[in-house]
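Trainee: Structure of the sequence below:
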Amino acid sequence: MPEYCLSCDYKDEIEAMIEPVILDVRGEPIEVTKEFYKCPACGDSFISSRGHDMFNEAYREYRRRHDMLQPESIRKLRRQYGFTQYEFSTLLGWETSTLSRYENGALQEESQDTLLKFVMEPVNLLQLIERKPSRLSEEKRLRLIEQLSSAQSLAKYLEHLYAKYWGNDAPDKFSGNKKLDLEKWFNVVLFFCGGGGQLRTKLNKLLFYADFKHFKEYLASITGTRYIHYRHGPVSQNYENFFAALILEERLCVEEVIFGDFVGENCVSQQEPNFALFSDSEIKVLTEVKEYFNGNSARKISQLSHMETGYLATKAHDFISYEYAKFLKI
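Mentor: Just a heads-up that it's a prediction; the model follows:
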């Protein structure tokens, strides 16, 4: 539709002008196209509400870079199983308005995107429906259970899951001479997130320091986790999927916290850790790490992790060898 200047009496149609601009999306600069109009008579500039949405463009690019679901994918997932927005939100434990915003272009939180991708797997959706039967009508619940319970597809997915997370990696220098023990990993998270919880950025570093400190002192990690060199410091391999499993099982909840312009995710345990899984030396190291970093901000522990030899000696997305544990600063 033609645009006209509302600030003066200029009556002719005004052509759109385009220029590149940089928008900051969660601390990341993203170049987008700004479409605006400038009146040749009075010089006023304005953006049409009917024109190009540069924030939507920036959010879509951010999602693409971080492998997050786009709004149309979220809608497709919900409609694939015949959920209303209310039903799907209730099943996930969200407000309906939250899902509606994401389907209409708002940028989702990292943890919520992970949950959505996690329930895209039929076996996970089936477990969620069976765990929370009261959140759907009986008719819809039984229909979905039948739809999702195909033995062939379930076996195929479980085979894929085992191969991806447990079956492929033998113990080596990147796992701390241990095979991944996912239940131990879950309970380390529950230990660190007891009480008031932990910000996710700090939690990832606590996991790293616990495993590497135990290897430094006893030549074996606690969980068998492999750690990857990421921008904010070392991070557990596949941690997003593991966090999602804890959240969907209601062993962990995630709360949004705001510090000025910063939006973080506070992870809070919903049950006590099972200490019977751990040796005396593992409990000792977990306690020491938690006490050592008690009161330290997520930024401070992240900065410290950037100074670790294992982090400095690796590049982005490299695995960090436990051989560097002997240089650990704690």
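Trainee: need the strands for the stretch 1-150 of the chain, in chain order.
Mentor: 16-25, 28-38, 45-46 (DSSP state E, counting those that start in this stretch).
Trainee: any idea which of those strands is most buried?
Mentor: Scoring the strands of the stretch 1-150 of the chain by mean neighbour count under mean count of other C-beta atoms under 10 Å gives strand 28-38 as the most buried, with a mean of 15. In short, each C-beta sits where N, CA and C put it, glycine included.
Trainee: before we move on, the earlier item: columns distance to Asn187 on top of the strands of the stretch 1-150 of the chain, output as a markdown table?
Mentor: Shown next, in a markdown table, are the strands of the stretch 1-150 of the chain (distance: least, C-beta to C-beta, whole Å):
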| stretch | distance to Asn187 |
| --- | --- |
| strand 16-25 | 35 |
| strand 28-38 | 33 |
| strand 45-46 | 57 |
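Trainee: nearest to Asp280, of the ones you listed?
Mentor: Across the strands of the stretch 1-150 of the chain, Asp280 has its closest neighbour in strand 28-38 (43.8 Å, C-beta to C-beta).
Trainee: could you say what helices and strands that closest one packs with?
Mentor: strand 16-25, strand 45-46, helix 54-65 (3 or more C-beta pairs under 8 Å, 6 or more residues apart in numbering; DSSP states H and E).
Trainee: Can you tell me which of those has the worst average pLDDT?
Mentor: Note on the helices and strands packed on strand 28-38: strand 45-46 shows the lowest mean pLDDT, a mean of 72.
Trainee: Can you show me the helices along the chain?
Mentor: Along the chain, the segments classed as helices by DSSP state H run 54-65, 71-80, 85-92, 96-103, 110-119, 122-131, 138-148, 151-162, 182-192, 200-218, 239-248, 280-292, 298-306, 309-312.
Trainee: just so I know, which of the ones you listed lies nearest Val254?
Mentor: Of all these, helix 110-119 sits nearest to Val254, with 4.7 Å by C-beta to C-beta.
Trainee: I'd like the distance between the closest residue in space to Trp185 that isn't next to it in sequence and Lys184.
Mentor: If the residues on either side of it in the chain are set aside, Trp185 comes closest to Thr223, at 4.4 Å by C-beta to C-beta, 6 or more residues apart in numbering. Distance of Thr223 to Lys184, computed by C-beta to C-beta, to the nearest Å: 5 Å.
Trainee: higher neighbour count, the two?
Mentor: More crowded of Thr223 and Lys184, by other C-beta atoms under 10 Å: Thr223, with 25 against 20.
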